[in-house]
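Undergrad: Sequence plus predicted model, see below.
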Amino acid sequence: MSIPNALTASRLVAIPILMALLIVRFPGHDQVAAALFIVFSFTDTLDGELARRSGTVSDFGKFLDPLADKLFVLSVLIVLVQEGLVAAWVVVVIFSRELIITILRSVAANQGRVISAAPLGKTKTITQMGAVALLILQRPYPALVPIAGIAVLIAIVFTIWSGVDYLWRFRHLIGRADTASSPAALAAEDSAAARLGEVLKRNRLTVSVAESSTAGMLGSMIADIPGSSKYYLGGVIAYSNEAKHEQLGVGEDLLRSAGAVSREVAEAMARGVRERFGTTLAAAITGIAGPEADGTTKPVGLTYIAVASSDGAQVREFRFTGDRAANRRQAALEALAMLTAGAMEWRTRAKTA
């Protein structure tokens, strides 16, 4: 387990300790409980920062972090209700919001998607943790009672606001089928890949691919066609900037100046994978699939696809508007179409040469 995930798990370990400190009576037990609650609350910020800096952000961490936050806060709130320090309706509102978002995450997981914590969701967690700390301290320090009440109201506002925000941002997951795996969608993928395969085999051309945002989806579509080993020589999944530089020869200066999602990097990726495998044609995909923009100012859905040959490279910009899965699938389909067009142009040039 990575250090960020261990910090996240520590909040789960702290739950029974905090509950015991709030129930058992001894001098300073509330102060100790509040101090521990604050200390473990800081791990919520620390784990995410460490994960981003060390490049260890994982789907497991994205799942565990919001789960630990919810259990950490709700468990303490339930004890505070038992101790008469907060109204039960507060816990009902917070629990209802968390239940709805948990169900939304389950729907996303069934469709192969992971919903990570959003900025507004993090703000909600911070306000809740601040309110809980004040609720604990109001028992030994009665002067904090009105302040704790205000903090609770602020936390409730952000709880409802962030819940609505999640439902709106991921509304496409509710009440719709996973069209990416529908028979019609799969047939369209097979048809596009088969059409490319026919052109490549007929003209004895070869192809390779370099993928970032699609993470192997394009190569999988090509390889799904029987006999594709005759023309598909291989691919590189270069998700990180380091992989783009080390595996495809994309210049570090170019990555810094243009950004990983750019026309220039897409072209460099296509040229790099073509040189690596020695193929007639090569395609490269780099984009922001969503649902977040990964810390950049570029819009979600922005994607660049490049096709390279000995005659040069063609790069196209796309602005996809679907969810993460739809954007990745659309990028792979557009790459298949561009490769097919490139192969046909190659055939035309060969006949007229």
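TA: Cool, got the structure.

Undergrad: Pull up the per-residue confidence for S213.
TA: Looking at S213, its pLDDT reads 94.

Undergrad: Name the SS class of it, please.
TA: Following DSSP: H, G, I helix; E, B strand; the rest coil, we place S213 in the coil state.

Undergrad: residues near the closest residue to it other than its chain neighbours, how many?
TA: Excluding the flanking residues, the one nearest S213 by Cβ to Cβ, 6 or more residues apart in numbering is G287, at 4.1 Å. Where you see a C-beta, it was placed from the backbone N, CA and C, and this is true even at glycine. Using other Cβ atoms under 10 Å, G287 has 27 other residues around it.

Undergrad: Contact partners for the residue nearest to E252 when sequence neighbours are not counted?
TA: In space, and not counting its chain neighbours, E252 is closest to H245: 5.5 Å by Cβ to Cβ, 6+ apart. Remark: with contacts taken as Cβ atoms under 8 Å, 6 or more residues apart in numbering, H245 is in contact with G251, E252, L255.

Undergrad: Most neighbours of all the residues you listed, which one?
TA: When neighbours are taken as other Cβ under 10 Å, the top entry among the contacts of H245 is L255 (18 neighbours).

Undergrad: Can you name the helix or strand that G61 falls in?
TA: Assigning secondary structure by DSSP states H and E places G61 in helix 59-82.

Undergrad: So for that helix, what gets flagged as buried?
TA: 61-70, 72-77, 79-81 (16 or more other Cβ atoms under 10 Å).

Undergrad: tell me the domain ranges of the protein?
TA: Split into domains by automatic domain parsing, the chain comes to 3-173, 179-352.

Undergrad: what ranges do the strands span in this structure?
TA: For the chain, the strands defined by DSSP state E cover 207-211, 232-237, 281-287, 302-309, 312-319.

Undergrad: residue ranges with poor pLDDT in the stretch 151-300 of the chain?
TA: Applying pLDDT under 70 to the stretch 151-300 of the chain flags residues 172-189, 293-295.

Undergrad: Would you map the helices across it?
TA: 183-202, 217-223, 241-248, 252-258, 263-277 (DSSP state H, counting those that start in this stretch).

Undergrad: what's the closest of these to G342?
TA: Minimum separation from G342 across the helices of the stretch 151-300 of the chain (Cβ to Cβ) falls at helix 183-202, 9.3 Å.

Undergrad: neighbours around W161, how many?
TA: W161 has 15 neighbours, counted by other Cβ under 10 Å.

Undergrad: check contacts around the nearest residue to it once chain neighbours are set aside.
TA: Once flanking residues are discounted, W161 sits nearest to L120: 6.7 Å by Cβ to Cβ, 6+ apart. The neighbours of L120, taking Cβ under 8 Å, 6+ apart as the test, are F158, W161, S162, D165.

Undergrad: Can you flag the buried ones in those residues?
TA: Of the contacts of L120, these count as buried by 16+ other Cβ under 10 Å: F158, S162, D165.

Undergrad: Report the contact partners of the last one.
TA: Residues in contact with D165 (Cβ under 8 Å, 6+ apart) are A118, L120, G121.

Undergrad: Burial check on the residue nearest to S309 when sequence neighbours are not counted, number of neighbours?
TA: Closest residue to S309 apart from its sequence neighbours, by Cβ to Cβ, 6+ apart: L281 at 5.3 Å. By the criterion of other Cβ under 10 Å, L281 has 25 neighbours.
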